[in-house]
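here you go, sequence then predicted model.
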Amino acid sequence: MEIDIRRGGDSMIITLRGEFDLKTAPEFCRRVDELELETTPRVVVDLKEVTFIDSSGLGALLGRYRDLSSSGIDFALAAPSHTVREILGIAGVCRVLDVYPSVQSALRSEEEASRADDEH
Amino acid sequence: MTSTENSNWMRLELAARSENVGLARVSVAAFAAEAGFTLTQVDEIKIIISEAVSNVVLHAYPGCSEGTVVIEARISGDMLRVRVRDEGVGMEDVERARRTSFSTLDGRMGMGFTFIASFSDRLDIESSPGEGTAVIVDVHRASSDRDPDPEDGQ
Ligand SMILES: Nc1ncnc2c1ncn2[C@@H]1O[C@H](COP(=O)(O)OP(=O)(O)OP(=O)(O)O)[C@@H](O)[C@H]1O
Ligand SMILES: [Mg+2]
């Protein structure tokens, strides 16, 4: 699995490509744990090019979600393919964390949320 | 496309290591695709194999780096039967292991058997402590994809 990390506005965007399983999950966890996120309000994981995910990949995503949200950082998933969505659905992940149809919509919702905060 | 006498089998013996999980799942996926399983089913079979083989790597041989996993698949008529077995520690309570969210390892979700069960027509687990484990899964071939997804265009 390829892991590509870049900033997009305020957010950190993590793009994954390939198969997310027992072999590749540890690298993902390590890369996320190494990020310096002090002033980053949100991390978005772009799943568009993830061709395979199982309980190991999903566990890695949920584990990072738990760590980051406990430090007050939003953690969202974007652009899961059909098979990935099926897995997220069975595991009930959509009830726990935000899943957006695209990275753009994830970023947009972040802007809207911060604008709403400013108005108050 | 599919021969009238539809029966075939494969057997794969691998070191129980995380590097081999991908090899196991693409091998059985190719075998099922050849036998006429639909694209959606082949994707689901990949998950089944990945979960069963990952479980061997994670749970069967704790503290020991030299374990083996044997993956057998057999087509008879419209049915694929897969058997994933190890000679590891086995399980005390198979019913408990099948439960969603049950895991004996910290940081894991306990979703593996739940995924296998939801993508298969039958899941059997034969196991006892010290005797190893065999996970037996049946999937019936569908005539066409039941859940086409126009969004993906696949
Ligand atoms: N081959 C095996 N040998 C010994 N114990 C096993 C084996 N496969 C599964 N188990 C036991 O069954 C439990 C449930 O397995 P399951 O795959 O559902 O969850 P998990 O592997 O713990 O977590 P996840 O699959 O979500 O990463 C495991 O925690 C383990 O205790
Ligand atoms: Mg498992």
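Yep, that arrived. Ligands and ions are numbered 1, 2, ... in the order given.

how about chain B: which residue is closest to ligand 2?
In chain B, no residue comes nearer to ligand 2 than residue B:112, which is 2.6 Å away by Cβ to the ion. Any C-beta I mention is one placed from the backbone N, CA and C, and that applies to glycine too.

so who does residue A:85 touch?
By Cβ atoms under 8 Å, 6 or more residues apart in numbering or on different chains, residue A:85 lies in contact with residue A:99.

that one in helix, strand or coil?
Secondary structure for residue A:85, judged by DSSP: H, G, I helix; E, B strand; the rest coil, is helix.

grab the nearest non-local neighbour of residue A:77.
Leaving aside its sequence neighbours, residue A:77 sits nearest to residue A:99 (Cβ to Cβ, 6 or more residues apart in numbering or on different chains; 4.7 Å).

the one you found contacts residue A:79, correct?
No - if you go by Cβ atoms under 8 Å, residue A:99 and residue A:79 don't touch, sitting 9.1 Å apart.

give me the phi and psi for residue B:67.
Backbone dihedrals for residue B:67, given as degrees, to the nearest 10, come out at phi -110, psi 160.

likewise for residue A:66?
phi -60, psi -50.

which residues are in contact with the residue in chain A positioned nearest to ligand 1?
Closest residue of chain A to ligand 1, Cβ to the nearest ligand atom: residue A:55 (3.4 Å). For residue A:55, the contact set (Cβ under 8 Å, 6+ apart) comprises A:91, B:51, B:54, B:108-109, B:111-112, B:115.

and the residue positioned nearest the centre of chain B, which of the three is it?
Nearest to the mean C-alpha position of chain B, counting by Cα atoms, centre = their mean, stands residue B:49 at 2.9 Å. Here residue B:49 is helix, with the state taken from three-state DSSP.

that one against residue B:32, yeah?
No - contact criterion Cβ under 8 Å: residue B:49 and residue B:32 do not qualify, at 9.5 Å.

any idea how far the residue of chain B closest to ligand 2 is from residue A:105?
According to Cβ to Cβ, to the nearest Å, residue B:112 stands 31 Å off from residue A:105.

which residues of the chain fall in strands?
Because you didn't say which chain, this covers chain A. Listed in chain order, the strands of chain A (DSSP state E) span A:2-8, A:11-20, A:42-53, A:74-78, A:98-100.

other chain: chain B
B:7-15, B:68-76, B:79-86, B:122-128, B:132-140.

about what we covered before: contacts only, for the residue of chain B closest to ligand 2.
Residue B:112 touches A:54-55, B:51-52, B:54-55, counting by Cβ under 8 Å, 6+ apart.

with adjacent residues omitted, what lies nearest to residue B:19?
Residue nearest to residue B:19 in three dimensions, not counting chain neighbours: residue A:23, with 5.9 Å by Cβ to Cβ, 6+ apart.

what's near enough to touch the one you found?
B:18-19, B:21-22.

in helices only, show me these.
The helices, defined by DSSP state H, take in B:21-22 from those.

farthest-apart pair in the contacts of residue A:23, please.
Pairwise distances across the contacts of residue A:23 (Cβ to Cβ) peak at 8.9 Å, for the pair B:18 and B:22.

overlap in contacts, the two.
A:21, A:23.

mind checking which of the contacts of residue B:112 land in helices?
With helices taken from DSSP H, the overlap with these comprises A:55, B:51-52, B:54-55.
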